[in-house]
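# structure for the following, please:
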Amino acid sequence: MNIKNYKKLFFSFDLLLNIVFFLSLFFIFVYIIWAKNYNKQFEDISLMPSTYKKYINWRYLYPVSFSLIYLSIILLQVTKFVILLRNKNGILKSLFPIFFINKINILNSDLKINKTNFIAFFVFLNISLLSILISAIFNIISDRVYWSFIVFIIYFVTIMVSYVPITIYFYNWNHNNKKNRIK
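Numbers count the residues shown, from 1 in each chain. So this is what the prediction gives:
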């Protein structure tokens with residue numbers, strides 16, 4: 001694969017992550033409306049014993065879990081911005097890389113900087129996965145309603161799939177540099 005194919009692959013996963021992020025913003029409002037209607041059903045039925053009443057208190061539970069999700073996405077975006085800035089791209093290209101796919105430098109000419117970029121991005125991907133997993137477990141245990149789990153599965157799969165182009169890209173780049181050093 002040449003560098004243009006890697007760039008397109010890398011930024012297609014970045015675009016997928018951004019789409020999932022904005023769809024989850026919409027999902028929060030849908031879930032809050034659903035939780036209000038669900039709780040209203042229990043308020044209307046006053047004859048039901050209190051042991052069967054189960055409120056979904058979205059005011060306390062879901063801001064914490066969704067903030068973990070958004071913190072992980074922001075960490076990934078900041079990491080991507082810093083890596084692109086370190087690779088001698090401008091601030092505008094680093095902020096909006098999707099618009100400059102063909103003009104952006106994903107890799108730096110210095111092998112040491114590329115290794116630190118890869119390690120930093122890998123660490124933040126793992127932190128993001130961990131926060132998403134904690135958030136999903138928190139929601140499942142707290143109210144046993146699995147509506148919110150849809151968002152977490154989508155995030156989890158998206159970030160796990162993001163490992164694929166990053167690993168392939170950096171592996172091939174390092175492998176090619178080792179071949180050039182031997183020659």
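
# helices along this protein, start to end?
All helices of the chain, identified by DSSP state H, fall at 3-44, 58-86, 91-95, 111-143, 147-182.

# burial measure for Phe26, as a count.
When neighbours are counted by other Cβ atoms under 10 Å, Phe26 registers 9. Backbone N, C-alpha and C define where each C-beta goes, glycine included.

# my guess is Ile132 contacts Ser67. True?
No. Taking Cβ atoms under 8 Å as the definition, Ile132 is not a contact partner of Ser67, at 11.8 Å.

# neighbour-wise, which of the two wins?
Set Ile132 next to Ser67 and count neighbours by other Cβ under 10 Å: Ile132 wins out with 25 against 12.

# give the burial count for Leu15, as a bare number.
Neighbours of Leu15 using other Cβ under 10 Å come to 12.

# any idea how far it is from Ser135?
Distance, Leu15 to Ser135, by Cβ to Cβ, to the nearest Å: 23 Å.

# repeat for Phe81
Counting by Cβ to Cβ - Phe81 and Ser135 are separated by 23 Å.

# neighbour-wise, which of the two wins?
Taking neighbours as other Cβ under 10 Å, Phe81 and Ser135 compare with Ser135 leading, 26 against 16.

# wouldn't the more buried one be in contact with Leu68 here?
Yes. Applying Cβ under 8 Å, one finds Ser135 in contact with Leu68, separated by 4.1 Å.

# count of residues packed around Ile113?
Number of residues near Ile113 (other Cβ under 10 Å) recorded here: 15.

# that one - nearest residue in space that isn't next to it in sequence?
Arg86 (6.2 Å; Cβ to Cβ, 6 or more residues apart in numbering).

# so what's the one you found scoring on pLDDT?
Here the pLDDT value assigned to Arg86 is 86.

# that one and Asn108 touch, don't they?
Yes. Arg86 is within contact range of Asn108, at 6.6 Å (criterion: Cβ under 8 Å).

# which residues are common contacts for the two?
Asn117 (Cβ atoms under 8 Å, 6 or more residues apart in numbering).

# so Leu15 sits against Phe96, correct?
No. At 11.8 Å, Leu15 and Phe96 do not qualify as touching, with contact defined as Cβ under 8 Å.

# now the common contact residues for the two.
Common contacts of Leu15 and Phe96 (Cβ under 8 Å, 6+ apart): none found.

# where does pLDDT dip in this protein?
By pLDDT under 70, the low-scoring segments of the chain are 1-3, 6, 9, 38-39, 41-62, 65, 136, 138-152, 154-156, 158-183.
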